[in-house]
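Build me a model:
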Amino acid sequence: MPSSKPPPYLVADHLALDFLNSICAPTGEMIDWLDTGEEALNWLIESQAVEKSDVEHLQAPEFSQLLNKTADTLKKYREDLRIKLLSRKQEDLDAIILDLNSILEKDTLYYSIQNGETSAGKSLNIRREYVSPDQLILPIAHAVADLICNQNYDRIRNCDGPTCTIEFLDTSKNGKRRWCSMQVCGNRAKASAHRQRAKTS
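Numbering: from 1, shown residues only. Here you go, the predicted structure:
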């Protein structure tokens, strides 16, 4: 059954932070895209955390209960990760790494070659075999591992919108990105500033 929720809000410039933002209020009303197993699977597909063709079989009725349980696991992991990641404390970072290692050791990655018409057209791809819904946490764990190992931890920002809960990775050259999106919070700030100028003029 199609969801009545809007498309996921994917503006963080990193999957791990988009995962934190899978519950947010970009327009004032809190929305959770991981409410059910089906919604969680759709979010993972929309965010490109998983390939649709790799996980379509998990929509079968026999996986329904386990898929809902996985959604609950993802939500719990999301909120635990939010607290520890944003605290910026070393002991919390150590706890994140400990959790990640226990998840990543169960991974089922394998390599495959995509054949092309020429030797230059060939590509080596990393794939994952999803046997059960509980493996859907794996691409999120990989993203979190990349965030803390390969990205600038100090560039994690919270949107300056007064009621916005969005986190993002500031990839701007000057490191001064303020808004989750100029189309949403940025425009609101501009409109508010314009109203203030109009009142005082």
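
going forward, measure contacts and count neighbours with C-alpha atoms only.
Will do.

Tell me where the longest helix sits in this structure.
When the chain is scanned for its longest helix (criterion: DSSP state H), the result is helix 64-87.

Let me see the residues that make contact with stretch 107-117.
Contacts with stretch 107-117, where a contact means CA atoms under 8 Å, 6 or more residues apart in numbering, come from 121-130, 135, 138.

Report the buried residues of stretch 94-103.
96-97, 100, 103 (16 or more other CA atoms under 10 Å).

Next, the contact list for Ala25, please.
31, 163-166.

and it, what are its phi and psi?
Torsion angles at Ala25 (phi, psi; degrees, to the nearest 10) stand at phi -130, psi 70.

what's the spacing between it and Arg82?
Using CA to CA, to the nearest Å, Ala25 is found at 16 Å from Arg82.

What of Ile166?
Here Ile166 is placed at a distance of 11 Å from Arg82 (CA to CA).

one step back: now do the longest helix of the chain: which elements does it pack against?
Counting contacts by 3 or more CA pairs under 8 Å, 6 or more residues apart in numbering; DSSP states H and E, helix 64-87 packs against helix 15-20, helix 37-46, helix 90-104.

Can I get that helix in PDB, CA atoms only?
Coordinates of each C-alpha in helix 64-87 appear next as PDB, following Å, rounded to 0.1, in the frame of the first residue of the first chain:
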ATOM      1  CA  SER A  64       6.400  -9.100   7.100                       C
ATOM      2  CA  GLN A  65       6.800  -9.700  10.900                       C
ATOM      3  CA  LEU A  66      10.600  -9.700  10.800                       C
ATOM      4  CA  LEU A  67      10.600  -6.600   8.600                       C
ATOM      5  CA  ASN A  68       8.500  -4.700  11.200                       C
ATOM      6  CA  LYS A  69      10.900  -5.900  13.900                       C
ATOM      7  CA  THR A  70      13.800  -4.600  11.800                       C
ATOM      8  CA  ALA A  71      12.100  -1.200  11.500                       C
ATOM      9  CA  ASP A  72      12.000  -1.100  15.300                       C
ATOM     10  CA  THR A  73      15.700  -2.100  15.500                       C
ATOM     11  CA  LEU A  74      16.600   0.700  13.000                       C
ATOM     12  CA  LYS A  75      14.700   3.300  15.000                       C
ATOM     13  CA  LYS A  76      16.400   2.300  18.200                       C
ATOM     14  CA  TYR A  77      19.800   2.300  16.500                       C
ATOM     15  CA  ARG A  78      19.000   5.700  15.000                       C
ATOM     16  CA  GLU A  79      18.200   7.400  18.300                       C
ATOM     17  CA  ASP A  80      21.100   5.800  20.100                       C
ATOM     18  CA  LEU A  81      23.400   6.900  17.300                       C
ATOM     19  CA  ARG A  82      22.000  10.400  17.400                       C
ATOM     20  CA  ILE A  83      22.800  10.800  21.100                       C
ATOM     21  CA  LYS A  84      26.300   9.400  20.900                       C
ATOM     22  CA  LEU A  85      27.300  10.900  17.600                       C
ATOM     23  CA  LEU A  86      26.200  14.400  18.400                       C
ATOM     24  CA  SER A  87      27.600  14.400  21.900                       C
END
